[in-house]
Structures are given as structure tokens and as C-alpha cells.
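# Sequence first, then the predicted structure:
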Amino acid sequence: MDGDHPGWRRCLLAGAVFAVCMAGTTLPTPLYPLYQEKLHFSELTVTVVYAMYAFAVIGVLLLAGNASDAVGRRPVLLWGLGFAAASAVCFLSATGLAWLYAGRLLSGVSVGLFTGAATAYVLELAPRGGSSRATFVATAANMGGLGCGPLLAGVLAQYAPWPLHLPFAVHLALVAVSAAVLLQLPETVREPRPLRSVRPRRPALPAPVRAVFGPAATAAFVGFALLGVFTAVSPAFLAESLDVHDHAVNGLIVALAFFSSTAGQLMAGRLGAARSLPVGCAGLLGGLLLLAGALYGELPALVVLSALVGGTGQGLSFRGALSAVARASPADRRAAVISTLFLVAYTGISVPVIGVGVLTEPIGLEGAALVFIACMGVLVSAAAGYLLRRPVRA
């Protein structure tokens, strides 16, 4: 990253703030078994608690996905950090299920504000000519932050006191530091408009983006669906079917999927969007098949391999999708278009997870997960075939 050290320093600091916000969203993942034991709720409730976060993200993306294009990146990101802090306070105060619902909703609002705005902010802070590296910084901060959440919470829950409180206290401190960092970074929207100028918009795509968006969004949907089921269901599966009750191990396995995504994103920079999208779809299909083998044969090693292969495929497809969409977007619509891509992705992270939760009662957790794998396998195979016939060109 030679040539403009101050520019890259600002870009990386913005990425670090992005990662801190995203870590808070997956912090509760390895703690759900402890909450189930404390509050006595079912696996369906776990998936609903998890999915409420995704629904909040979708709602904010629909209502205010374009807000930072109008009022500026920093004000929106500061509001996002405020909601992240409020979410941590809810989990610190949790004495009943309502607190978990509130915490997840606030976390979803935070991420809804952050995703499009922070991605655009990281890209805009990078030096001229550094868009490819900046895209990696943005997507790595997103997925790396999501991976750090369960790892941090799992280690603290297993080896430190106050397992349901200390992870959120640590995150609250990190949010405060992030706010201080953000206040030192420059604004990149040259002519901010008043807040009243922000209006909810239906998802819409400028003409240059439309040819790119369809296949890119399909790959993003499947990749986030796989990560969603991994995040919401794998701790219960590891505990019930494989007798793995170590919170640190549960957090590490979930984190591996997100860290592998980051590695996949690094590979995508060399492959380019046209190749990384279909190759990523193939990785997603491999991860789904490995997860099916782990469920059917009750083999912990295959769960780990599924996280590695599926996560890598998700990273390849996601960075390819984001890179293609961002390059094709007009500058004054970039955050709105990126938010629309995340809208599709977070639909993938929520609807299939709820489907797994609903099917758990009649056919069991393993049967529900196998139904999910079959559906996603068909979808990702169709997407890969389409991308091979009509490669994405940004």
C-alpha cells in the first residue's frame, strides 16, 4: 500500500470501525445455549431471535439505505455506533426474552445503517487507484468482524467469569473507542444535505448496474444463507448431535466460516469478478455438501471442513459481487446500490434460518438443515450455471 500512506491509514481505520460494529452482531452466537438454559426457550425461538436482527437490517436498508449519500457518511456511522452500544446494554441487562429481542433489533438497526455507508466510506477514503484493495478492506472488515464476534464471546464465556456479561462489556468499550476514531476521520460526501431530504425509496438500480446486479445478488443470497444457518444453528447441532459443549470451540468453528470468507475475498482480488463469482458458487456448493455429510454422519471434522470450504466460497462470490456492483454504480448512488445488494444478502441470512427453525419441531434439527442444504444447493447450482454462460462484466 505504497504511495499514499495517510490515505491508506484512514481507509484502514474506517475498516477497523466497520469490523467493531459487525463483531457485535455475532457476539451472542456461542452464548445461545447458555441463554436457552437460563431462559428456557426452544430452538425455534433461537432462530427467531437471530432472524429479528436480519429483519431490522432489511427494514433500515429499505427506509434509510441511501441516508449517507445525503447527510454524509460520518453522521450515519455515528448513529450506527450508538445503536450498537444500545444493543450491548440490552444484552448486559438481559433477564428475559424481551431483552434479547430488543438487543437483536438494535443490532440490526446498527448494521442496517453501517453496511452501505461504511462500505462506501472505506472505498472513498482509499487513495486514487486503490479501489481493488479498498474493496478487500471493506469486505474483510465486514466478514472479519463477524468472525471475531463468536470467537471473542466463546473464549470469554469458556475461560473468564460472567459469560453472559463480559463479552458485551468488552464490546461496549470497543464501540466507544471506535466513535473516537470516527470523529477524527474526514467526511467524504462533498455536499451534504439536511436529514429531511432523506426519503424511503423502493429498491431501484441505475441502468449501468442492472446487468451486473442479478447474478451478483444471487451469489450473495446463497452465501449469506449458508453463513446464517451456520451462525444460528451450528452451536445447537454441535451440542446436541456431536456432544461438543465447549463455548470456545463452538465460537471458533463459527468464526472459521467468516475468516475463510476473508481468505476467499483475498483470492477474489486475483481472480477478478468474472471468475470469482462462479468459482465462489462452486465453493458454496462444496460447503453445503460437506455440511450435509457432517449432519448425516455426525462427523465433527466435516463441520470444520464445511466452514472452511463454504466460507471461502462465500468470500469469493461476495467480493466479486460487491466489486462488480460498486464499480458499475454512479458515485452519487453508490451507497444506495450497495445497500440494495445487502438487502438481498440479509434476506438470505434471515428467511432460510427461520425456515430451519420452523422445520426443527416436526422433523428435527438435522432433517431441517438437510432440507435447507437441498434448497440452497439447487439455487447455487443454477446461479453458477448462469454465471458460466454469462460472465459478469462490471
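Great, that's in hand.
# wait, what's in contact with L370?
A292, L295, Y296 (Cβ atoms under 8 Å, 6 or more residues apart in numbering). Every residue, glycine included, has its C-beta placed from N, CA and C.
# Buried among those? Need that as a selection in PyMOL.
Entered in PyMOL, the line below selects the buried ones among those, by 16 or more other Cβ atoms under 10 Å:
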select buried, resi 292+295
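# residue boundaries of the strands in the stretch 251-394 of the chain?
Ranges of strands in the stretch 251-394 of the chain, per DSSP state E, counting those that start in this stretch: none exist.
# which residue ranges form the helices in it?
Assigned by DSSP state H, counting those that start in this stretch, the helices in the stretch 251-394 of the chain fall at 273-297, 300-328, 334-389.
# Could you look over the ones you listed and pick the most buried one?
Highest mean neighbour count among the helices of the stretch 251-394 of the chain (mean count of other Cβ atoms under 10 Å): helix 300-328, with a mean of 26.
# lowest-confidence helix or strand of this protein?
Ranked by mean pLDDT, DSSP states H and E, the weakest helix or strand in the chain is helix 207-240, scoring a mean of 80.
# just curious, which of the contacts of L370 is nearest to V303?
Proximity of the contacts of L370 to V303 (Cβ to Cβ) peaks at L295, which lies at 8.6 Å.
# That closest one contacts A369, correct?
Yes - contact between L295 and A369 holds when scored by Cβ atoms under 8 Å: they sit 5.4 Å apart.
# Now for the two: what residues contact both?
F237.
# okay, the contacts of L370 in CSV with pLDDT next?
Shown next, in CSV, are the contacts of L370 (pLDDT from 0 to 100):
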residue, pLDDT
A292, 88
L295, 80
Y296, 83
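# could the contacts of L370 go into CSV alongside distance to V60?
Formatted as CSV, the contacts of L370 follow (distance: Cβ to Cβ, whole Å):
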residue, distance to V60
A292, 34
L295, 34
Y296, 38
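# Closest one of the contacts of L370 to G320?
Using Cβ to Cβ, A292 comes nearest to G320 of those, at 24.9 Å.
# Can you tell me the closest non-neighbouring residue to the closest one?
Leaving out its chain neighbours, the residue that sits closest to A292 by Cβ to Cβ, 6 or more residues apart in numbering is I373, at 4.8 Å.
# Ok, S241 next?
Excluding the flanking residues, the one nearest S241 by Cβ to Cβ, 6+ apart is E298, at 5.5 Å.
# mind checking pLDDT for L164?
Among the per-residue scores, L164 holds a pLDDT of 95.
# how deep is it tucked in, by neighbour count?
Burial measure for L164: 17 neighbouring residues, criterion other Cβ atoms under 10 Å.
# Please apply the same query to P208.
15.
# wait, it sits on P330?
Yes - between P208 and P330 there is a contact under Cβ under 8 Å: 7.1 Å.
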